[in-house]
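J.: Need coordinates for the following:
(one chain, ligands or ions: 1)
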Amino acid sequence: MKFRSAARALELARRAAPGHVAGYLALAALGGIAPLAIAWLTKAVIDHLAAGVMRWADVLGLTVALGVAGVVTALVPHAARYLRAETERLVTMESTARLYAAVDRFAGLRRFEDPEFLDHVQIARSAGVTSPGAVVDAGIGVVRALLLVSGFAGTLLLLGPWIAVAVLLSAVPAVLAELALSRRRAEMVARVGQAERRGLFYAGLLTDPDAAKEVRLFGVGPYLWRRMAEEISTINRAHRRIDRREVAVQGALAAFGAVVAGALLLWTVRSAVSGALTVGDVALVVAAVGAVQAALAGLVNEIVVAHQALLLFGHYLLVVDAAPDLPVRAEPRPAPPLRQGIELRDVWFRYADDQPWVLRGVNLVLAAGASTAVVGLNGAGKSTLVKLLCRLYDPVRGAVLWDGVDLRDLDPADLRTRIRAVFQDATAFDLTARENVAMGDLTALHDQSRIEGAARRAGVHDVLAALPQGYETLLTRLFFSEADREDPSTGVVLSGGQWQRLAIARGLVLDRPDLLILDEPSSALDAEAESEVHARLRAHRQGLTSLLISHRMGVVREADHIVVLSDGRIAEEGTHDDLIALDGAYARLFSVQAAGYRSSAPEAMA
Ligand SMILES: Nc1ncnc2c1ncn2[C@@H]1O[C@H](COP(=O)(O)OP(=O)(O)OP(=O)(O)O)[C@@H](O)[C@H]1O
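T.: Prediction:
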């Protein structure tokens, strides 16, 4: 599993920065060989000097070579650092692009409501995208350390086989102990992952502009901070336990390494005194023992880093490789313009197998060119119906048919070019007014007449045109544009109703969608604005296939066809007059609202 992940990380790096990876690898190899060359050259120079040969010509070549090796050793880390940073940047760019492309490919909403999957996304976004770079870096570090170890171990082998064996064996406990520690650390990281995410959640709340007013007014800041501190303490306790174990284990290993090095030094000096080794050999052994021990420690460290990076990369791969959340046919049919209508045929839906049914056998036809309105109490399933029409979910049973063709047979992206919706909880993008409107159809981004036309239909043009930079004004105080750099106070915050009109403009920027969905489009508007916006929408919807969801019965009554949804079933349907004559749920809802409007204020308050 780990090997497959490592191969994926390397493949990603090879694609993102082939030249940089090759250059970094070459420099790392040079960095692994240069110390060996220096050790051997030093030994040769010392041996010449110790033999009493004082002719400059004899040692000139060696000294120059030593100088060159020294310069290479000095320069390599700097060049390698640059290549390493550049490789990491390019690889992270590629992995980030792949991650967000993969997330964007999920055609539905299921993945975004699965907490376990969201955990993977959170780790993939933060550490996961940098992990392939870390894997490559650690891999190259392993190559360098292996070159160093094998070069110096070979050298020691020449001087006395048992020295090499002793030094290598002395590293075995270190390797095993470090790997065990790394495993423990990885387990700990997985264990505290929840606490870390919760800590981030509290930190986000404490600094979130949207939450700021309630946090302040209700005075819940200290409570949130205490909850965050509890999470941080949990994380710290887990880290502290591992750190203490590491100090104990690494201290013991360092002492053991020093004892082995000391014993070898004693033996080497004694061998030199007895004439079995030269003075140069002593220098070589000292250099080799230090280098092998340092390189083995480096090797273990790189393996540990690679191991942890691969664990994080595992979360990244889970997201990138996740199966589509909605099945899409291998060769989906393009969605044709709507001719007859959309039919929900015996549609059953629930959000998860262990949750109650939200829609229970809904049969409904949205006739092409007609306006349909859906009413019902809170939680009746109206917004869920909208999500099925946009194919953000598939029905659990039954089907939604577009001119008789199951939505599951159509290309979701193609289908969505035919549908526009104004959602109840439309997004306020921290972008300019122009971009906020154009999000409904990006082909209109630079088409002022289309942007303005949509804004006029939604009754928000005058507001947007009067902003400090008109449609180019940023609708946020979180950022400032280049034009505003000197005057960040020009970022504008719209009111709730103005945002809602802007969301309507977004829904109308595509001129004639095949289906226009309006899910509570006017809940934040004042009474005057509401009737004005609905008059415009009515005019715009003439001849369009539209679906309106609203609790405002005065608006609903205008629809060609009205459906009452109750507890996931269609309880009543017909025209306003039909339903009033039926004297059922619709008539009751209508008369309750009408009575509310008619009653005088003091009575209503009583
Ligand atoms: N993403 C979700 N996951 C699980 N349950 C959900 C989800 N969205 C909605 N529900 C549940 O489905 C039911 C229907 O919700 P829905 O939003 O469709 O109702 P609605 O008729 O639009 O209500 P309202 O008038 O309050 O907007 C509710 O019980 C709600 O709790």
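J.: So in this protein, where's the weakest helix or strand by average pLDDT?
T.: The least trusted helix or strand in the chain, going by mean pLDDT, DSSP states H and E, turns out to be helix 601-605, with a mean of 44.
J.: For L118, see how far away the residue nearest the centre of the chain is.
T.: Centroid-nearest residue in the chain: R125, 3.2 Å away (criterion: CA atoms, centre = their mean). Per CB to CB, to the nearest Å, R125 is found 10 Å from L118. (Each C-beta comes from the backbone N, C-alpha and C, glycine too.)
J.: got a list of contacts for the strand or helix carrying V386?
T.: Here V386 sits within helix 382-389, counting by DSSP states H and E. Here helix 382-389 makes contact (CB atoms under 8 Å, 6 or more residues apart in numbering) with 109, 342, 344, 347, 349, 358-359, 362, 366, 374-376, 393-395, 400, 419, 421, 423-424, 515, 517, 519, 547, 549, 565.
J.: Show me which residues of the protein sit near the ligand.
T.: Residues of the chain lying close to the ligand by CB under 6 Å from any ligand atom are 113, 351, 355, 358, 376, 378-384.
J.: And the next helix or strand past the helix or strand hosting T42?
T.: Here T42, judged by DSSP H and E, is contained in helix 18-50. Sequence-wise, the next helix or strand downstream of helix 18-50 (DSSP H and E) is helix 56-105.
J.: Which SSE is immediately downstream of the helix holding V386?
T.: Sequence order places strand 397-402 as the next helix or strand after helix 382-389, per DSSP H and E.
J.: For that next one, list the C-alpha coordinates in CSV.
T.: The C-alpha coordinates for strand 397-402 follow below in CSV (Å, rounded to 0.1, in the frame of the first residue of the first chain):
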residue,chain,number,x,y,z
ARG,A,397,-36.5,4.8,-5.9
GLY,A,398,-38.3,6.1,-8.9
ALA,A,399,-37.0,8.6,-11.5
VAL,A,400,-36.9,12.2,-12.6
LEU,A,401,-37.6,12.4,-16.3
TRP,A,402,-36.6,15.2,-18.6
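J.: what's the following helix or strand after it?
T.: Using DSSP H and E, the helix or strand that follows strand 397-402 in sequence is strand 405-406.
J.: So what touches that following strand?
T.: Outside strand 405-406, the residues within contact range by CB under 8 Å, 6+ apart are 333, 399-400.
J.: about what we covered before: what's the angle from the helix holding T42 to helix 56-105?
T.: Computed by axes from the mean of the first three to the mean of the last three CA atoms, to 10 degrees, the angle separating helix 18-50 from helix 56-105 equals 160 degrees.
J.: Give me the buried positions along helix 18-50.
T.: For helix 18-50, burial by neighbour count (16 or more other CB atoms under 10 Å) applies to 20-21, 23-25, 27-28, 30-48.
J.: Separate out the buried members of the contacts of helix 382-389.
T.: Buried members of the contacts of helix 382-389, counted by 16+ other CB under 10 Å: 342, 344, 347, 349, 358-359, 362, 366, 374-376, 393-395, 400, 419, 421, 423-424, 515, 517, 519, 547, 549, 565.
J.: three-state assignment of the residue in the stretch 401-550 of the chain positioned nearest to the ligand?
T.: When scored by CB to the nearest ligand atom, the stretch 401-550 of the chain has Q424 as its residue closest to the ligand, at 6.1 Å. At Q424 the chain is in coil, as set by DSSP: H, G, I helix; E, B strand; the rest coil.
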